[in-house]
Structures are given as C-alpha cells and as structure tokens.
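Peer 1: Quick one, structure for this:
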Amino acid sequence: MQDRIELPTGWQPEGITADGRKLYVGSLADGRILRANPRNGSVHVLSRSGGTGAPSVGIDYDAKRKVLWVAGGPSGEIRAHSATSGALLARYPLPADAEGRFVNDIVVTRNAVYATDSSNAELGVVRLDGRKVPASAPAEVLPVSGDFVLADGFNLNGIVASDDWLLAVQSATGTLFRIDPATGVAKAVDLGGYQLTNGDGLEPDGDTVYVVRNRDNLIAALELDDDRTAGELVDEITSDDFDVPTTAALLCGSLFAVNARFGNPAPTTADYWIIRVEAD
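Peer 2: Numbering: from 1, shown residues only. Model prediction:
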C-alpha cells in the first residue's frame, strides 16, 4: 500500500470512501470524482465534467447499487453518481425552507441514505427499495431532536451507521451523538469528558469509530459500548503529513485520509494528497 497518493493540482478534496479495493475522492472545487488505487498510487478522474459543477463534499460507496452517494454542500442537495463512470444518476434537493443549507456528509444504510446539514437541525433522507437508484426527487427531511441543540458555527458534520443507529459529530461543540434513524432523537455519547474538537469525518469499524479532527491534525479512535451511549478514547493517530485532514476511509487495516488544507492561500494551484496511517 502507498503511504501517500498525490491528487491533481487544485483538487481541493474533502470526502473519501472505499469499495474494498479502490478509493474515491470528491472535489470541492467543481464536484468531480476520482478513483485512486492505493497499491500503486494511480489516480483516474471518473467524470471530467463533474456532473453538476456543485461541490462534492462527503461521499459514501453503495456496494449494492455500485453508486457513490455525494453530499452537495451549499447546493443543498444529495446526489447519486455511477461508481464506474462518475456520471450523475439522480439528485435529491433538500427543501429550500431552511436558511443556509450545507449538506456536509453522507452515509448509505440498508434502507436509506442520510446526510447531515451543518446549518440546520435536520438530516436529509433518500429512501431506498431494491437495487435501483431512486429517480430524482426532493429529499425527505428528518428533524434532529433530543440532546442535540444548534450552536454557532458548523453543527452536524460526519455521519456513519453503527449497528441500528446513526452516529454524527457536532463540529462546533465536539459532541458525538447517537441518532435514532426512525425518529431523529439524538443522545449525546458519554466520552468521559473527551471533546471531539474540530470533529469532521467519521469511519466505523465494529465497536470502534474513528473521528477525524481536522484542524487538530489527528484522528481520534474511540471504543464504544454496545448501545452506543458511551465510549472512551483509545488512541490519537497523528502524522507529520496531515494538513487539515477532513475524512478517512478504512481499507485493508489502514486509514486513508484526505488533506483539505483549509486556509491555503492558493487552493486552485495547491498540491493535495491522501495519506495512509495504520488503524488501531
């Protein structure tokens, strides 16, 4: 496995996912998606048009449908792209009745796709039935309630499925929440006082969840209890090659993290890369 995979100049990555063999990375700049081979470091841009021109923020691979589900950031939509060609298959806009939508991260489960809106106490939802990708239509909205309270700044960010629950991190407060996918009721996960400051992407591995803390340049490894209401820090994974990592994908015992390099003065001409670190 390559320790470092170079991305195209000016790519501006944010989300990464894996299909068991390859990695997929979206572009904040224009929504394009690329596929990377972690064994030899080769990179192939799937769709040079990007499909919509809207950003590709969070991304998740759907093995059942061979689809990449993409969070569209300020476009306020969820998108489905072919994992083979990158072609746009469908789009699902969230209702325009909320201000400043930012569809940030995304996860596909057996029955639905869920996406966080970092500006509102809601999840975008696309229901799934069978192997077909649903036709373009407005996304449903699932209000998030319970322990979750909107704060100043970025709110719900990274999201994953864990057992029968959803887990999502609130960047502004460093709090991890367990969310009931049926009701939207959220419960704060007790981490014994540990704060997920600058929490961004999540990556599950059984009872472990990895939380990328972007501006802290580290990945926190948490061990959670069976009902996902409590957990403890088991490691903080760092690398000299981290430069504001936002998300990570688990593949063959390693975590592959993308460096968003937020704050770079020349993002359109900057270098970007994926970095590999050992998972605990």
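
Peer 1: Outside of the helix or strand where Ala186 lies itself, which residues are in contact with it?
Peer 2: Per DSSP states H and E, Ala186 falls inside strand 185-188. Contact partners of strand 185-188, identified using CB atoms under 8 Å, 6 or more residues apart in numbering, comprise 144-148, 168, 175-180, 229. For every residue, glycine as well, the C-beta is placed using N, CA and C.

Peer 1: Return the closest of those with respect to Ala80.
Peer 2: Ala168 (20.9 Å; CB to CB).

Peer 1: who are the neighbours in contact with the nearest residue to that closest one once chain neighbours are set aside?
Peer 2: The shortest distance from Ala168 to any non-neighbouring residue, by CB to CB, 6 or more residues apart in numbering, is to Ile159 (4.3 Å). Counting by CB under 8 Å, 6+ apart, Ile159 touches Gly58, Asp105, Ile106, Val107, Tyr114, Ala115, Thr116, Leu123, Leu166, Leu167, Ala168, Leu202.

Peer 1: From those residues, pick the one nearest Pro93.
Peer 2: Ala115 (11.3 Å).

Peer 1: Give me the neighbour count for the closest one.
Peer 2: 30 (other CB atoms under 10 Å).

Peer 1: for it, helix, strand, or coil?
Peer 2: strand (DSSP: H, G, I helix; E, B strand; the rest coil).

Peer 1: Distance of it relative to Asp235?
Peer 2: Distance, Ala115 to Asp235, by CB to CB, to the nearest Å: 29 Å.

Peer 1: quick one on the thing from earlier: right, and the helix or strand after the strand holding Ala186?
Peer 2: strand 199-205.

Peer 1: partners of that next one, with directions?
Peer 2: strand 208-213 (antiparallel) (DSSP bridges).
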